[in-house]
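Colleague: return atomic coordinates for the entry below.
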Amino acid sequence: MKEKISIEEFDNKKFKIRFVEDDNDKKAVLTHYLHNYRNGVKKHFEEEATQYLKEIIEYKSEESSNDYLEEFALQQLLFEVENVPFPTPANYSFKFIDLFAGIGGFRMAMQNLGGKCIFTSEWDENAKKTYRANYGEVPFGDITKESTKNYIPEGFDLLCGGFPCQAFSIAGKRGGFEDTRGTLFFDVAEIIKKHKPKAIFLENVKGLRSHDKGKTLETILNVLRNDLGYYVPEPQVVNAKDFGVPQNRERIYIVGFRKDLEITQFTYPKPLEVNPTFEDVKEENVPPTKYYLSTQYMQTLVNHKERHANKGNGFGYAIIPDDGIANAIVVGGMGRERNLVIDHRIVDYTPTTHIKGTVNREGIRKMTPREWARLQGFPDNFVIPVADASAYKQFGNSVAVPAIQATAEQILKAVKNAK
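Modeller: Below is the predicted model of the structure:
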């Protein structure tokens with residue numbers, strides 16, 4: 001039986017494998033090659049991937065041929081990228097690419113529906129660690145670079161992406177393709193123009209509708225419909241709480257279909273008849289003391305809320321009851337403080353971190369990263385390999401998997417019926 005190795009490092013009597021830590025594109029090429037090793041897409045990455053494989057193998061013996069050692073290493077690496085919590089479905093029915101991938105919320109939903117991811121990009125290094133731990137693949141980096149775009153293979157069915165919103169300079173112009181230059185949407189549009197996927201699925205914050213007095217969304221739709229030739233129904237705001245997770249998270253979804261498919265209508269998924277509550281995602285065991293607020297920090301939050309209340313504002317911390325639903329989990333600001341909970345199960349009030357004051361006796365704590373993961377619809381075997389601060393950021397930036405999956409299911413139905 002062959003000995004299994006780590007994709008980071010392998011040592012035995014014959015050779016070892018070393019990845020260069022700052023050469024993420026090479027790791028992306030190799031893992032994309034391995035993920036597509038059993039299908040035709042591998043040819044797109046093969047030349048660079050095999051060269052890199054030779055570079056990272058350091059031979060320690062001449063007892064066996066180099067060809068044998070390379071094949072041995074390849075099989076070990078194949079095992080590792082496929083032996084992950086969320087592998088590609090064995091009998092996939094469509095191919096997609098995952099742009100601005102974060103920790104793979106789109107990928108989770110698409111794989112649940114039988115999809116095969118053939119390209120991923122994400123610039124955040126910590127998010128890449130989480131993506132790799134769960135899917136066995138290192139995302140490519142900055143999608144604004146032409147060199148990164150060139151790694152996108154031909155022949156995918158669906159383009160997915162939660163692209164960041166940026167203002168467009170469209171004053172006095174028609175708001176077309178060229179007017180989006182310098183924005184990340186331009187890079188999405190450029191990829192659509194070149195590859196012409198059957199369908200597109202974009203996600204953004206609800207505020208995109210009113211961004212720049214509606215001009216930003218108007219420009220996006222004009223580019224997709226008129227410049228790129230896609231049927232794009234009116235975008236819809238979808239709330240995660242309507243699809244099985246207890247989080248009031250509204251996001252705008254934009255879907256589109258290549259016009260030659262002759263799709264002329266599309267129905268977004270109807271809300272499920274479910275009423276999830278925080279209790280459904282609450283930690284089964286009492287969380288560590290570090291998640292409970294100190295008395296001094298709690299007083300700071302109280303004072304902050306009172307100051308805003310005196311000004312007539314509703315800003316400040318919020319405590320979510322077990323039978324309630326969470327506010328949207330977001331990065332920065334009051335993201336965690338707007339989602340405090342009361343958990344009286346604590347028995348040890350000894351601080352485990354340096355805090356000012358003492359641990360509060362009311363049982364007020366932050367939600368844990370695992371609870372945030374559940375609020376976004378990630379299953380409990382989703383690996384969280386990063387520190388809490390990064391985990392909160394990653395889940396706060398993620399899409400809500402169940403809402404994405406419900407919408408994607410409708411997209412796939414429309415494409416299938418158009419054949």
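Colleague: ok, now which ones touch residue 135?
Modeller: Contacts were defined as C-beta atoms under 8 Å, 6 or more residues apart in numbering; by that measure residue 135 touches 84, 86-87, 104, 107, 117, 120. (Each C-beta comes from the backbone N, C-alpha and C, glycine too.)
Colleague: state the pair within these that is farthest apart.
Modeller: Between any two of the contacts of residue 135, the greatest separation by C-beta to C-beta is 14.3 Å, found for 87 and 120.
Colleague: pLDDT below threshold where in the stretch 251-400 of the chain?
Modeller: Scanning the stretch 251-400 of the chain for pLDDT under 70 picks out 314, 333-334.
Colleague: where exactly do the helices run in it?
Modeller: Counting by DSSP state H, counting those that start in this stretch, the segments of the stretch 251-400 of the chain that form helices are 295-310, 369-375, 388-397.
Colleague: pull out the buried positions in the very next helix or strand once past the last one.
Modeller: Pointing back at helix 388-397 there. Under the assignment DSSP states H and E, the closest C-terminal helix or strand after helix 388-397 is helix 401-418. For helix 401-418, the buried set under the neighbour-count rule, 16 or more other C-beta atoms under 10 Å, comprises 401-408, 411-412, 414-415.
Colleague: roughly how far does residue 298 sit from residue 341?
Modeller: In this view, residue 298 and residue 341 are 13 Å apart by C-beta to C-beta, to the nearest Å.
Colleague: more neighbours: these two, which one.
Modeller: Taking other C-beta atoms under 10 Å, residue 298 and residue 341 do not tie; residue 341 has more neighbours (24 against 18).
Colleague: quick one, what contacts that one?
Modeller: Residue 341 touches 278, 282, 319-322, 364-367, counting by C-beta under 8 Å, 6+ apart.
Colleague: which one of the residues you listed is nearest residue 80?
Modeller: residue 367 (32.4 Å).
Colleague: buried ones among the contacts of residue 341?
Modeller: Looking at these with 16+ other C-beta under 10 Å, the buried ones turn out to be 278, 282, 320, 364-367.
Colleague: in CSV: those, plus distance to residue 49.
Modeller: Compiled in CSV, the buried ones among the contacts of residue 341 are given as follows (distance: C-beta to C-beta, whole Å):
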residue, distance to residue 49
278, 45
282, 44
320, 47
364, 51
365, 46
366, 42
367, 41
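Colleague: sitting in strands, which of those residues do you find?
Modeller: 364-366 (DSSP state E).
Colleague: which stretches of this structure form strands?
Modeller: Assigned by DSSP E, the strands in the chain fall at 9-11, 15-18, 57-59, 94-99, 115-120, 158-161, 199-205, 230-231, 236-239, 247-248, 250-258, 326-327, 340-342, 364-366.
Colleague: how about TSV for the buried residues of helix 401-418, with distance to residue 52 and pLDDT added?
Modeller: Putting these into TSV (distance: C-beta to C-beta, whole Å; pLDDT from 0 to 100) gives the following:
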residue	distance to residue 52	pLDDT
401	32	98
402	37	98
403	38	98
404	33	98
405	34	98
406	39	98
407	37	98
408	33	98
411	35	98
412	34	98
414	40	97
415	35	97
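Colleague: dump those residues to TSV, plus distance to residue 253.
Modeller: Formatted as TSV, the entries for the buried residues of helix 401-418 read as follows, by distance: C-beta to C-beta, whole Å:
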residue	distance to residue 253
401	14
402	13
403	8
404	8
405	12
406	10
407	6
408	10
411	10
412	14
414	14
415	16
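Colleague: what's the closest of those residues to residue 156?
Modeller: Ranked by distance to residue 156 (C-beta to C-beta), these are led by residue 415 at 12.3 Å.
Colleague: and residue 126, how many neighbours?
Modeller: When neighbours are counted by other C-beta under 10 Å, residue 126 comes out with 16.
Colleague: sorry, back to before: please pick the buried ones from the contacts of residue 135.
Modeller: With neighbours counted using 16+ other C-beta under 10 Å, those contain these buried positions: 84, 86, 104, 107, 117, 120.
Colleague: and stretch 281-289, which residues are buried?
Modeller: Neighbour-count burial for stretch 281-289 flags 281-283, 286-287, 289 (criterion: 16+ other C-beta under 10 Å).
Colleague: ends of it, what's the gap?
Modeller: According to C-alpha to C-alpha, to the nearest Å, stretch 281-289 extends 19 Å from its N-terminal end residue to its C-terminal end residue.
Colleague: show me how far that stretch is from its chain's centre.
Modeller: Distance of stretch 281-289 from its chain centroid, counting by C-alpha atoms, centre = their mean, to the nearest Å, is 25 Å.
Colleague: what's in contact with that stretch?
Modeller: Identification of contacts with stretch 281-289 by C-beta under 8 Å, 6+ apart yields 245-246, 322, 341, 343, 345-352, 359, 365, 368, 370-371, 374-375.
Colleague: what of stretch 347-357?
Modeller: Outside of stretch 347-357, the residues that reach it under the criterion C-beta under 8 Å, 6+ apart are 286, 288-290, 292, 294-297, 299, 358-359, 361.
Colleague: at 6 Å instead, please
Modeller: Defining contact as C-beta atoms under 6 Å, 6 or more residues apart in numbering, one finds that stretch 347-357 is touched by 289-290, 294-296, 359.
Colleague: list just the nearest of these to residue 44.
Modeller: Nearest member of these to residue 44, counting by C-beta to C-beta, is residue 290, at 45.5 Å.
Colleague: could you measure from the closest one over to residue 393?
Modeller: 17 Å.
Colleague: what of residue 247?
Modeller: Look at residue 247 and residue 393: by C-beta to C-beta, they are 16 Å apart.
Colleague: then residue 303?
Modeller: Computed with C-beta to C-beta, the distance linking residue 303 and residue 393 is 26 Å.
Colleague: now swap in residue 108 and tell me
Modeller: Separation of residue 108 from residue 393 (C-beta to C-beta): 18 Å.
Colleague: one more: residue 145?
Modeller: When C-beta to C-beta is applied, the distance between residue 145 and residue 393 equals 23 Å.
Colleague: so between these two, which is more surrounded?
Modeller: For residue 145 versus residue 393, neighbours defined as other C-beta under 10 Å are more numerous around residue 393 (21 against 14).
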